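Undergrad: Mind looking at a prediction? Sequence and model below.
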Amino acid sequence: MNDHKALILDEVRKYHDDVQTVGEFVPGVTEIWPTGAVHDVADRVALVEAALELRVAAGQRARRFESEFARKMKRRKALLTTSGSSANLLAVSALTSQRLQDMRLRPGDEVITVAAAFPTTVNPILQNALVPVFVDVELGTYNPTVDMVARAIGPKTRAIMIAHTVGNPFDVADMARLATEHDLFLIEDNCDAVGSRYDGEPTGTFGDLATVSFYPAHHMTMGEGGCVLTSNLVLARVVESLRDWGRDCWCEPGESNTCLKRFDYQMGTLPRGYDHKYIYSHVGYNLKATELQAALGLSQLGKLDDFCAARRRNWRRLREGLDGVPYLLLPEATPRSDPSWYGFVITVDPEAPFEASELVGFLEARKIGTRRLFAGNLVRHPAYADQPYRIVGDLTNTDIITTQTFHVGVYPGLTDEMIDYVVSSITEFVRVRG
Ligand SMILES: Cc1ncc(COP(=O)(O)O)c(C=O)c1O
């Protein structure tokens, strides 16, 4: 290593020690964040080292991340992108590709999903002129059952796209079977569930496509970032093309003729021999992530198993601590699953002698951060007022979630002391107000 670089990285390590002040936990004063990234000195060094190279556009690290993450997630391909939201956009858009011939989704086709969701699980359906069909979810697991989804299948249904809510897998094995029986595509939004397992297999491996977010709230982070996972090589090529301006060429930056026939194609009505680097087979985007994101991702990836283990531990401590507290519906792992939790979701019984918002206010006043279960009922938001959608059955539980449900954190930066303070605060509130 160059002497100057070694010196700079040594200084970075010292700087890390300087700013790494872990203060004493003071109940009611120290913030207990609902989500957060956990970074160590290796992350800081990896990011600075990549920055020193001044190679910002995706390159070798990005490709290495894709191959290591694909292996970790047991998929043939991982395609790095700017966010979980753009991963969802790419996954849904890929299903409209002409490469899929008769299987491609067309405007007006329906995609079954849930309204108790994060908005960008649903938005790509609308952005592709498809119609979301909303089904309700169960309280406690916050996922729809296979029966709920089966009842929503109609003549225009072409796909199912559902998130494993806060890391709790929906019945993805039977959902995949249902999709196969009806010739539907299945997209798993795995943004909140990296490390979760269903029937012993990682979530994200059951559907045609799965997506991941690397925003700081998630299981590992790049600051911003996301990924599309698939083992279908046709879909992988389509996702890559859509991500990279819609181009047909798959050369890495700096490469020119990996297919060995760069000037030998005839596509569309272009003249034969038009430079393949500039032939566009999709109406694409530029949703490529950067080398700096990949550098951080590679460093975080080595810690992923520990992060997931800490999330499980923290969730269990909350679950055991709150067991039996009246008026609260505590979360349940779905049968056959081993969730790698994103958060700890609580629903206040609508018959409770206090409002959920009062409990949330009490916790926030004690510096215990809370978050809603994302959008609650998405169709109640102004953005969706004039959008086309269909609701099958009713959204009774989704509406209950909108008023009664919130979550607290389980992220690896929380200590046992913090978790115990969350437990004692909730218990105290319910004892006094219940
Ligand atoms: C289920 C789900 N899908 C997608 C996203 C979007 O991810 P990003 O913030 O990386 O765009 C989130 C964000 O938290 C999410 O919870």
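TA: Structure's in. What do you need?

Undergrad: List the buried residues for stretch 328-335?
TA: Within stretch 328-335, the residues that count as buried by 16 or more other C-beta atoms under 10 Å are Leu328, Pro331, Glu332, Ala333, Thr334. C-betas here are computed from N, CA, C, even on glycine.

Undergrad: would TSV of those with secondary structure and distance to Thr403 be doable?
TA: Output for the buried residues of stretch 328-335, formatted as TSV (DSSP: H, G, I helix; E, B strand; the rest coil; distance: C-beta to C-beta, whole Å):
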residue	secondary structure	distance to Thr403
Leu328	strand	15
Pro331	coil	18
Glu332	coil	21
Ala333	coil	24
Thr334	coil	24
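
Undergrad: now, which of those residues sits nearest Arg433?
TA: Leu328 (11.9 Å; C-beta to C-beta).

Undergrad: so what's the backbone phi/psi at the residue nearest to the closest one when sequence neighbours are not counted?
TA: The shortest distance from Leu328 to any non-neighbouring residue, by C-beta to C-beta, 6 or more residues apart in numbering, is to Ile346 (5.5 Å). Per-residue torsions, Ile346: phi -130, psi 130 (degrees, to the nearest 10).

Undergrad: and Ile346, what are its bridge partners?
TA: The residues listed as beta-bridge partners of Ile346 by DSSP bridges are Phe406.

Undergrad: what sits against Ile400?
TA: Neighbouring residues of Ile400 by C-beta atoms under 8 Å, 6 or more residues apart in numbering: Leu139, Thr347, Pro350.

Undergrad: any idea how far the first one lies from Arg312?
TA: The reference is to Leu139. Separation of Leu139 from Arg312 (C-beta to C-beta, to the nearest Å) stands at 22 Å.

Undergrad: Same question for the second one.
TA: For Thr347, the distance to Arg312 (C-beta to C-beta) stands at 21 Å.

Undergrad: Identify the residue of the stretch 301-434 of the chain closest to the ligand, quick one.
TA: Taking C-beta to the nearest ligand atom, the ligand has its nearest neighbour within the stretch 301-434 of the chain at Phe374, 6.3 Å off.

Undergrad: Relative to Thr398, how far out is that residue?
TA: Distance of Phe374 to Thr398, given as C-beta to C-beta: 11 Å.

Undergrad: These two: which has the busier surroundings?
TA: Thr398 (28 against 20; other C-beta atoms under 10 Å).

Undergrad: how near is the more buried one to Glu181?
TA: 26 Å.

Undergrad: Repeat that for Arg64.
TA: Separation of Arg64 from Glu181 (C-beta to C-beta): 39 Å.

Undergrad: more neighbours, these two?
TA: Arg64 (15 against 10).

Undergrad: May I have the predicted confidence score for the more buried one?
TA: Per-residue pLDDT puts Arg64 at 98.

Undergrad: do the same with the one 10 residues further on
TA: Reading off the per-residue confidence, Lys74 sits at a pLDDT of 98.

Undergrad: in the stretch 1-150 of the chain, which spans are strands?
TA: 77-81, 110-114, 131-135 (DSSP state E, counting those that start in this stretch).

Undergrad: what about the first one and the ligand, touching?
TA: No - figure legend: strand 77-81 not in contact with the ligand (C-beta under 6 Å from any ligand atom); closest approach 9.2 Å.

Undergrad: so how far is that strand off the chain centroid?
TA: Between the centre of strand 77-81 and the centre of its chain there are 13 Å (C-alpha atoms, centre = their mean, to the nearest Å).

Undergrad: if we can go back for a sec, I'd say the residue nearest to Leu328 and Val325 touch.
TA: No - assessed by C-beta atoms under 8 Å, Ile346 is found out of contact with Val325, at 9.3 Å.

Undergrad: Apart from its chain neighbours, what residue comes closest to Phe344?
TA: Nearest non-adjacent residue to Phe344, counting by C-beta to C-beta, 6+ apart: Leu318, 4.8 Å away.
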